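>>> The following comprises the amino acid sequence and a computationally predicted model.
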Amino acid sequence: MATKNTPLLSWSVEEYSHKEKNSDWFWALGVIAVAIAAISIIYHNILFAVVIVLGAVMLGYYASRRPEVIDVVLTEEGILMKELFYPYDKLNGFAIERHNTSSCLLIETTRTVMPVIAVPLPNTDLDFDMLEDFMKERVESKPLKDSAFHRVMEHIGF
């Protein structure tokens, strides 16, 4: 007999699709950051210059970092990703976005910051219809889209 925490459906996937960046990408990042920082110094805004430089360093670090492989587990109680647990009663809706290159499960939470979370789906060995039926039993299906921030970050290579 299955308990409430027994995995009913699970998969492992990289937390995001990594796009290798060449040295030109990092040079462009550096030139843009230095230019913005110089302009802010000219206008006597040292703090903004520091924020831009620190932001560029962090962006460069995360651009070169390889994604972790995360385990996603769906149980009777909720969704477990990494160390985060999302109970079904705290979810407002879900949608499955299917693409040729990458698909994702979008879940709408009750949180005010980042209310829609994109959970990457493997394109090879997961039955999308079974996943959709499983989720429909527990959460309302809604037409959801990723955030504009997520689409912009994907466009620039994240």
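Sure thing, it's come through.
>>> Least confident secondary structure element in the protein?
Among the helical and strand segments of the chain, the one scoring lowest on mean pLDDT, DSSP states H and E is helix 148-155, with a mean of 70.
>>> ok, and the closest non-adjacent residue to the most centrally placed residue in the chain?
Closest to where the C-alpha atoms of the chain average out (C-alpha atoms, centre = their mean) is residue 118, at 5.2 Å. Closest residue to residue 118 apart from its sequence neighbours, by C-beta to C-beta, 6 or more residues apart in numbering: residue 104 at 4.5 Å. From N, CA and C alone the C-beta is placed, and that goes for glycine too.
>>> Would you mind naming the helix or strand containing the one you found?
Taking DSSP states H and E as the criterion, residue 104 maps to strand 103-109.
>>> Kindly report the same for residue 80.
Per DSSP H and E, residue 80 falls inside strand 78-81.
>>> and after the strand holding residue 104, which helix or strand comes next?
Heading C-terminal from strand 103-109, the first helix or strand you meet, by DSSP H and E, is strand 116-121.
>>> what lines up beside that following strand in the sheet?
strand 103-109 (antiparallel) (DSSP bridges).
>>> Dig out what the residue nearest to residue 118 forms beta bridges with.
Counting by DSSP bridges, residue 104 is bridged to residue 97, residue 120.
>>> Spit out the contact partners of it.
96, 97, 118, 119, 120, 121, 146 (C-beta atoms under 8 Å, 6 or more residues apart in numbering).
>>> so the second one sits right up against residue 107, yeah?
Read it as residue 97. No - if you go by C-beta atoms under 8 Å, residue 97 and residue 107 don't touch, sitting 11.6 Å apart.
>>> Have a look at those two and say which one is more surrounded.
Counted by other C-beta atoms under 10 Å, residue 97 and residue 107 do not tie: residue 107 has more neighbours, with 25 against 14.
>>> and residue 50, that's in a strand?
No - counting by DSSP: H, G, I helix; E, B strand; the rest coil, residue 50 is not found in a strand; it is helix.
>>> Number of residues surrounding it?
Residues contacting residue 50 under the criterion other C-beta under 10 Å number 13.
>>> and the residue lying closest to it once chain neighbours are set aside, what pLDDT?
Closest residue to residue 50 apart from its sequence neighbours, by C-beta to C-beta, 6+ apart: residue 37 at 8.0 Å. Looking at residue 37, its pLDDT is 97.
>>> How about residue 76?
87.
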